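1. I'll drop the sequence and a predicted model, then ask my questions.
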Amino acid sequence: MAIFDSVRGGYRIFVGDLGPRVGKMELEKEFSRFGPITDVWIARSVGCTCCVGLRSLQKGVTLITKSDQI
């Protein structure tokens, strides 16, 4: 699901089931192919999840579609 984030000027995409050693730079590199990244936030205390901020909703939808196929 993409949620509009007016503070950062884009859409936040929830990503779950990350490996425990995945870092911010790796996520930025992987997700930057879907458009400009506005933010990456990693939560390690509740498993390994993160939110990736993208400027474009269409790019976010493409990201969700492709990641759901993995």
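-> Okay, I see it.

2. In this structure, mark out all the strands, start to finish.
-> Applying DSSP state E to the chain gives strands spanning 2-5, 10-15, 37-43, 49-54.

3. Tell me how many other residues surround residue 43.
-> Residues near residue 43, counting by other C-beta atoms under 10 Å, number 12. In short, each C-beta sits where N, CA and C put it, glycine included.

4. coming back round to it: can you add distance to residue 30 and mean pLDDT and give the strands of the chain back as CSV?
-> CSV is the format used below for these (distance: least, C-beta to C-beta, whole Å; pLDDT from 0 to 100):
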stretch, distance to residue 30, mean pLDDT
strand 2-5, 17, 72
strand 10-15, 10, 80
strand 37-43, 10, 85
strand 49-54, 9, 73
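
5. Nearest to residue 27 among those strands would be which one?
-> When the strands of the chain are compared by C-beta to C-beta, strand 37-43 sits nearest residue 27, at 5.0 Å.

6. List the contacts of the closest one.
-> Counting by C-beta atoms under 8 Å, 6 or more residues apart in numbering, strand 37-43 makes contact with 5, 8-10, 12, 18, 22-24, 27-28, 31, 48-55, all of which sit outside it.

7. And that strand, what's buried?
-> Of the residues in strand 37-43, 37-40 count as buried by neighbour count, 16 or more other C-beta atoms under 10 Å.
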